[in-house]
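Trainee: sequence plus the predicted model coming up.
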Amino acid sequence: MIEASSLAADTVAVVLAGGKGTRLGALTRHVCKPAIPFGGAYRSIDFSLSNCVNSGIVHVGVATQHKPQSLLRHINRVWRDVITDQEHFITPWAAEERAPAQGYLGTADAVYRNLEIIEGLRTRLVLVLAGDHIYKMDYRPLLAHHREHEADVTVGCVEVAAEEAHDFGIMSVDDRDRIRSFVEKPKKLQEVSPDANGRVQASMGIYVFDTDFLASVLRQDACSSISRHDFGCDILPRLIGQADAFAYPFRGSDRKPGYWRDIGTPSAYWRAHLDLLDPSSSLRLDDSSWPLRRDPAAGSVPRYVDGKSTARVERSLLAGGCAIRGATVRRSVLFPKVRVSPCSEISESVILPGAAIGRHCHLRGVIVDSGCRIPDGTVIDRSMHRYALGDEMRPAIVTQEDIPANFARPATAVICESAVA
């Protein structure tokens, strides 16, 4: 058995953190996806970075590009004390410095532009990660799997329903975990081969490469005039059949499929927050065995509250500084310094930092943006409308810009159709 901890010390992680997050609409108008708030006191990038630190990976580069200011401030505030000596770091690799003329052209190009740093570290392996996924994962078994199979590239994967295949890179895998095909975001169900349960293997956007092999592949890709310089669109499909490519099925300690969510749409972002409130979910923010670093500016650690603690808050997660006066909050996540006024009811909602909910409001299935002021008597209930995907309820996003147009009259049912993913 390969010593996994020694492999972690011989690995550099590259966290891709430059995504625009256009599908998230108003939530990313000022920040990149990895910097959006999550879980009351965190940013989405904190999950990948915490996974690295908890896994013993101490060489971490964060490739930034789109609207990086908030992300850079967060990394400096939350992660600067990770540095223990000159060889242990979490440091930004900004596109304006590494590719000043045109920025990173794609995920593969973001790694290629930093090859000089990566090769200078002389590590055996490179672990490529996304900075906007929600999961807790020990990377050491993944690294060991890669070495045991003598792979050139290993791709972390999870099972998803075949109907969701269009959102992921989908692969077919044999009984030895060798990848036989890879299709990025297939447009037709016929392009994938679901199992008997209607499930397919989806890429988590996690890749392990031997460093020398990756350097060779990226230099070849950089010379191509037709490549989009993207791992999912170009690199992986080209490697299948030409290199030793293996899949690593992500499972929890109980051997069941591990929890992993791409929060790239309002619906996914909202559902991931509700998952935090599910007692059966393996995603817990208060797991001392796998600590998550939080933003100290968010105040105290968010606490889980149910009806046993207070009659007015049920199965919810409250961050520090929340003020709930004479109101009811059910199955919701409230970020720091949220205020809820008397006689209001909040359910199945995500209320971002500093938002204020007026009196006699009814919010259900809503994401309220940071600093938003909801007038008295406002009613927003997504259960009024159902959508093509079964009976699923999707969230409304409410920003301060919506208030003048959509909230002119109190006690008005507002649907905000333009905010639906």
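Mentor: Received the coordinates, thanks.
Trainee: distance of the closest residue to Ala17 other than its chain neighbours relative to Thr28?
Mentor: Counting by CB to CB, 6 or more residues apart in numbering, Gly131 is the residue found nearest to Ala17 once chain neighbours are left out, at 3.6 Å. All C-beta spots, glycine's among them, are computed from the backbone N, C-alpha and C. As judged by CB to CB, to the nearest Å, Gly131 and Thr28 stand 13 Å apart.
Trainee: shouldn't Arg199 be in contact with Glu159?
Mentor: Yes: Arg199 lies in contact with Glu159 (CB atoms under 8 Å); the separation is 4.5 Å.
Trainee: hang on, the earlier thing: more neighbours: which of Gly131 and Thr28?
Mentor: Gly131 (26 against 21; other CB atoms under 10 Å).
Trainee: parallel or antiparallel, which strands does whichever strand or helix holds Gly61 pair with?
Mentor: Taking DSSP states H and E as the criterion, Gly61 maps to strand 59-64. Here strand 59-64 is paired, per DSSP bridges, with strand 11-17 (parallel), strand 89-94 (parallel).
Trainee: now, of those, which is deepest in the fold?
Mentor: strand 11-17 (a mean of 26; mean count of other CB atoms under 10 Å).
Trainee: following element in sequence after that strand, please.
Mentor: Taking DSSP H and E, what comes next after strand 11-17 is strand 37-38.
Trainee: pLDDT on the helix or strand just after that next one, on average?
Mentor: Using DSSP H and E, the helix or strand that follows strand 37-38 towards the C-terminus is strand 42-43. Average pLDDT, strand 42-43: 93.
Trainee: following strand 42-43, which helix or strand shows up next?
Mentor: Next element after strand 42-43 (DSSP H and E): helix 45-54.
Trainee: got any ranges where the stretch 151-300 of the chain has weak pLDDT?
Mentor: Within the stretch 151-300 of the chain, the segments meeting pLDDT under 70 span 299-300.
Trainee: try it again with 90
Mentor: 163-164, 167, 175, 187-198, 241, 251-258, 264-267, 278-289, 291, 293-300 (pLDDT under 90).
Trainee: all strands of it, in order?
Mentor: Using DSSP state E, counting those that start in this stretch, the strands found in the stretch 151-300 of the chain span residues 153-161, 169-173, 179-184, 199-210, 245-249, 260-262.
Trainee: in its sheet, what does the longest one sit against?
Mentor: Paired strands of strand 199-210, with direction, are strand 125-130 (antiparallel), strand 153-161 (antiparallel), strand 169-173 (antiparallel) (DSSP bridges).
Trainee: okay, now the domains of this structure?
Mentor: 4-264, 303-419 (automatic domain parsing).
Trainee: and Arg271, which of the ones you listed is closest to it?
Mentor: Arg271 lies closest, by CB to CB, to one member of the domains of the chain: domain 4-264, at 7.5 Å.
Trainee: JSON lines for the strands paired with strand 199-210, including distance to Ile324?
Mentor: As requested, those are exported to JSON lines (distance: least, CB to CB, whole Å):
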{"stretch": "strand 125-130", "distance to Ile324": "35"}
{"stretch": "strand 153-161", "distance to Ile324": "36"}
{"stretch": "strand 169-173", "distance to Ile324": "42"}
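Trainee: mean neighbour count added to the ones you listed, as JSON lines?
Mentor: Shown next, in JSON lines, are the strands paired with strand 199-210 (neighbours: other CB atoms under 10 Å):
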{"stretch": "strand 125-130", "mean neighbour count": "25"}
{"stretch": "strand 153-161", "mean neighbour count": "22"}
{"stretch": "strand 169-173", "mean neighbour count": "21"}
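Trainee: Gly354 is nearest to which of the ones you listed?
Mentor: strand 125-130 (27.6 Å).
Trainee: rewinding a little: could you point out which of the domains of the chain sits nearest Arg293?
Mentor: domain 4-264 (5.5 Å).
Trainee: how far off centre is the closest one?
Mentor: 11 Å (CA atoms, centre = their mean, to the nearest Å).
Trainee: neighbours around Thr328, how many?
Mentor: What Thr328 shows, counting by other CB under 10 Å, is a neighbour count of 17.
Trainee: distance-wise, check it relative to Arg339.
Mentor: Applying CB to CB, the value for Thr328 to Arg339 is 15 Å.
Trainee: what's the closest non-adjacent residue to the residue most central in space within the chain?
Mentor: Residue closest to the mean C-alpha point of the chain, counted by CA atoms, centre = their mean, is His133 at 1.9 Å. Nearest residue to His133, sequence neighbours excluded (CB to CB, 6+ apart): Asp262, at 5.5 Å.
Trainee: list the contacts for that neighbour?
Mentor: 130, 132-133, 167-168, 205, 268 (CB atoms under 8 Å, 6 or more residues apart in numbering).
Trainee: do Lys33 as well
Mentor: Per CB under 8 Å, 6+ apart, neighbours of Lys33: 17, 19-21, 24, 44, 131-132, 263-264.
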